[in-house]
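>>> sequence plus the predicted model coming up.
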Amino acid sequence: MITTCTLHTVSQPFGRRWPAAARQGLAFPLVGVGDVSKRILLGQRLRSSQLGETLLPKKVAFPVFASDALSSVAYAPDEVFIMLSIAGASAYTFSWKIGIAVALVMAAVIASYRQTVHAYPSGGGDYEVATENLGRTAGVTVASALLVDYVLTVAVSISSGAQYAAAAIPFLHDHEATFAIGLVVLLAAMNLRGIRESGTFFAIPTYLFIGAMLSMCGYGMLLLLLGQLPEVESASLQIEAAPGYEGELTTLALMFMLARAFSSGCAALTGVEAISNGVPAFRKPKSRNAATTLLLLALVAIAMMMSVITLARQMGLRYVDPHELDRLLNADGTPVAASYNQDTVIAQIAQALFSGFPPGYYLVVVVTGVILVLAANTAFNGFPVLGSILAEDGLAPRALASRGDRLAYSNGIVFLAVMAIALIWAFDAQVTRLIQLYIVGVFVSFNLSQLGMIRHWTRHLRTVKDANARRHMQRSRLINAIGLSFTSVVLVVVLVTKFLAGAWIAILAMGIFFVIMQAISKHYRNVSLELAADEDDKVLPTRVHAIVLVGKLHKPTLRALAFAKASRPNVLEGVYVSVDGAATSRMLSEWDERNLGVPLKVLHSPYREIVRPIVDYAQEIRAANPRGVVAVYIPEYVVGRWWEQLLHNQTALRLKGRLLFAPGVMVISVPYQLRSSAIARERAGREDARSRPGDLRRGNVVDRTGSDRQVHR
């Protein structure tokens, strides 16, 4: 039921003026707690023009992008020995051969990526290579694989770091998952401060790890040459072969076991692709600096991995799956005690080599645990960049392409942290379980990238006539072909040996990401088609029927009425929803007394609903005149504190949410600033007046009015 009351009056003025300080543009002394907390956490905001200041020199880029591949030295040898232990300690004789095979694959892959960073320096990496040379489907496949691999990189690295921390701090035993989640949060916070700042912070522990590992391995090799190499703590133990592997192995069983050990050892290759994705973050010459970083990574990682495997074998290591400790036997053939704690391979080697020098042992264990945490930093740099590229190509939410206060892709960092935390919690931070999901995605991207690079060089060879350039391209194509042959073999081995052990989960996740990205792309294409302007968009509506929502006859309502009148609609009326007879009578009486010159329609709501009657009424008006529009003016309070927002505007929010889905209905919010909103204005004013880093150097200072002025020398 609708009641109409028509009266006339002059509209009220638009409301109070701003405080004098705000009118003069003075800097405000108040800063919100939220703003202070954000600045403490992230640091001062950076201008877009300061992006060049965040680029990395090689000495900083190396720990930022290579820490993942370097950290694999901490767990790849462990996985090799775990797989070989299935057949007992006698199978450890194959460890050095598997190490050489992994080193050859790593060398081939890094040599291939050195070609990629020169050919595609824009930072798209494998995704750009596959998309340009193999098509969009291949590019989306690579992107799906890399996204899964980045999430697993964080989960595996952080979980492994938590295990090393538990080895040094007994209190952390059985609390590795909680500790790992805390590390992910800390790492995400550091990366939100920006790649340059986080890279500088992480450079010192990375170089400490390299120095400690090379020193330990060099000392161990010296003792080996002198015949004084000690044994590790587990050397006195025996390993009982797993069921089905007792006695002499058949050729097929032996090959399968070696293939599993090889596929686990290939975890050492993860993170290599991050440098090709991070080329834009290098200082100029970007491609050459990235290629130099790749070469340095290959030399250091291969040297450390082979040294660890060799020392572990020579020092009598006995190492099994942490969930199968009952296969470890004492000298008398009895299983080890239930309380036995199996330290990691590097921890056992360090403990034996530095038995008379505890600081050396703790240094190695601590920096190894730290580098495993920092390895996740590689993913925190690669994932957001890839996400931003996918967002620009319409394959991911556009929010991933937005830079935060510190010019980092903040949304990508937060998304990666949430995904990694969920994975760590689901798998209880157990590296042995997570490693089965690992490297599938990265080797999918390796293969498609190498195939794409071969097509890239082949296509250019058809047009390039210069002899020197052709020789360079032919050499690059040969390198990529060798890399493809190696990575394809590894991918087949990984799929055969790890599929049922958990790799199927990673493949399923890749499929889910693939479908989601295709759906996002389809959505953006459809929206773009719908939004394309045509001749019909020039046609004006036949009439505008404006309604101003009235809850109380106060200043916000009067401001909304005045604004609606100024827009000169064909029809203007106030709308009041009646849920109480007495209140409605008072409203009609006050409306008549003020003589506003605007009719007031009363929508009776017997079930006390506010939103539905207004929506129904707007749709009725629209149905009566399909070529016209309905303009709904909603008075809203502007408050300065977050908790005040919970006390106001809730009905307006619900109403706007409903009206936005009504065709032909326009929603106009008419703000009215309460006194508390001055807090927000003061906060903004102070932020605008604050000097920025580099202002003095560039000759920009901020005067007392908060406006920029140039200083001329």
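That came in fine, so what should we check first?
>>> so what's the backbone phi/psi at E573?
phi -150, psi 150 (degrees, to the nearest 10).
>>> list phi and psi for the residue lying closest to it once chain neighbours are set aside.
Of all residues not flanking E573 in the chain, P599 sits nearest, at 4.7 Å (C-beta to C-beta, 6 or more residues apart in numbering). The way it works is simple: take the backbone N, C-alpha and C, and place the C-beta from them, glycine included. Main-chain torsions, P599, degrees, to the nearest 10: phi -70, psi 150.
>>> then H472?
Note on H472: its backbone torsions stand at phi -60, psi -40 [degrees, to the nearest 10].
>>> just name the shakiest helix or strand of this protein by mean pLDDT.
Of all the helices and strands that make up the chain, helix 20-24 has the lowest average by mean pLDDT, DSSP states H and E, namely a mean of 39.
>>> tell me the residue furthest from the middle of this protein?
E593 (60.1 Å; C-alpha atoms, centre = their mean).
>>> for that one, give me the pLDDT.
At E593, the model reports a pLDDT of 90.
>>> hmm, who's touching stretch 298-311?
In this structure, residues lying in contact with stretch 298-311 by C-beta atoms under 8 Å, 6 or more residues apart in numbering are 66, 69-70, 72-73, 76-77, 80, 95-96, 98-100, 102-103, 106-107, 110-111, 210, 213-214, 217, 220-221, 224, 229, 268, 345-346, 349.
>>> buried ones in the helix or strand where V156 lies?
Take DSSP states H and E as the rule and V156 turns out to sit in helix 136-168. Neighbour counts over helix 136-168 (16 or more other C-beta atoms under 10 Å) mark 138-167 as buried.
>>> so what secondary structure elements neighbour that helix?
Packing partners of helix 136-168 (3 or more C-beta pairs under 8 Å, 6 or more residues apart in numbering; DSSP states H and E): helix 58-71, helix 125-134, helix 176-192, helix 358-392, helix 410-426, helix 431-434, helix 440-461, helix 504-531.
>>> pull the residues that contact the fifth one.
For helix 410-426, the external contacting residues (C-beta under 8 Å, 6+ apart) are 150-152, 154-155, 158-159, 177, 180-181, 184-185, 187-188, 191-192, 376, 379-380, 383-385, 387-388, 397, 399-400, 402-404, 434.
>>> quick one: mean pLDDT for it?
Helix 410-426 shows a mean pLDDT of 89.
>>> that helix: how far from the chain's middle?
Helix 410-426 sits 7 Å away from the centroid of its parent chain (C-alpha atoms, centre = their mean, to the nearest Å).
>>> among the contacts of stretch 298-311, which ones are buried?
Buried among the contacts of stretch 298-311 (16+ other C-beta under 10 Å): 66, 69-70, 72-73, 76-77, 80, 95-96, 98-99, 102-103, 106-107, 110-111, 210, 213, 217, 220, 229, 268, 345-346, 349.
>>> out of those residues, name the ones that lie in helices.
Under the assignment DSSP state H, these contribute 66, 69-70, 76-77, 80, 95-96, 98-99, 102-103, 106-107, 110-111, 210, 213, 217, 220, 345-346, 349 to helices.
>>> so what's the residue nearest to E590 when sequence neighbours are not counted up against?
Nearest residue to E590 in three dimensions, chain neighbours excluded: L553, at 5.1 Å (C-beta to C-beta, 6+ apart). Contacts for L553 were tallied using C-beta under 8 Å, 6+ apart; they are 587, 590-591, 594.
>>> sec struct for L553, please.
Following DSSP: H, G, I helix; E, B strand; the rest coil, the label given to L553 is coil.
>>> next one: V630
Following three-state DSSP, the label given to V630 is strand.
>>> okay, and the beta partners of it?
Assessed by DSSP bridges, V630 has beta-bridge partners H545, V665.
>>> backbone phi and psi for V670, please?
Note on V670: its backbone torsions stand at phi -110, psi 100 [degrees, to the nearest 10].
>>> for burial, what's the neighbour tally of it?
By other C-beta atoms under 10 Å, the residues close to V670 number 18.
>>> please report how far the nearest residue to it once chain neighbours are set aside lies from A546.
Spatially, and ignoring its direct neighbours in sequence, V670 is nearest to A560 (4.1 Å; C-beta to C-beta, 6+ apart). Remark: distance between A560 and A546 (C-beta to C-beta, to the nearest Å) = 10 Å.
>>> and if you look at V109?
66 Å.
>>> so those two - more neighbours on which side?
Taking other C-beta under 10 Å, V109 and A546 do not tie; V109 has more neighbours (28 against 24).
>>> quick check: the more buried one touching T270?
No: with contact defined as C-beta atoms under 8 Å, V109 does not count as touching T270 (10.5 Å).
>>> thinking again about what came up before, pick out the shakiest of the helices and strands packed on helix 136-168, pLDDT-wise.
Ranked by mean pLDDT, these bottom out at helix 431-434, which scores a mean of 72.
>>> mind giving me the packing neighbours of it?
helix 76-84, helix 136-168.
>>> what angle do the shortest one and helix 58-71 make?
Read that as helix 76-84. Between the axes of helix 76-84 and helix 58-71, defined by axes from the mean of the first three to the mean of the last three C-alpha atoms, to 10 degrees, the angle is 10 degrees.
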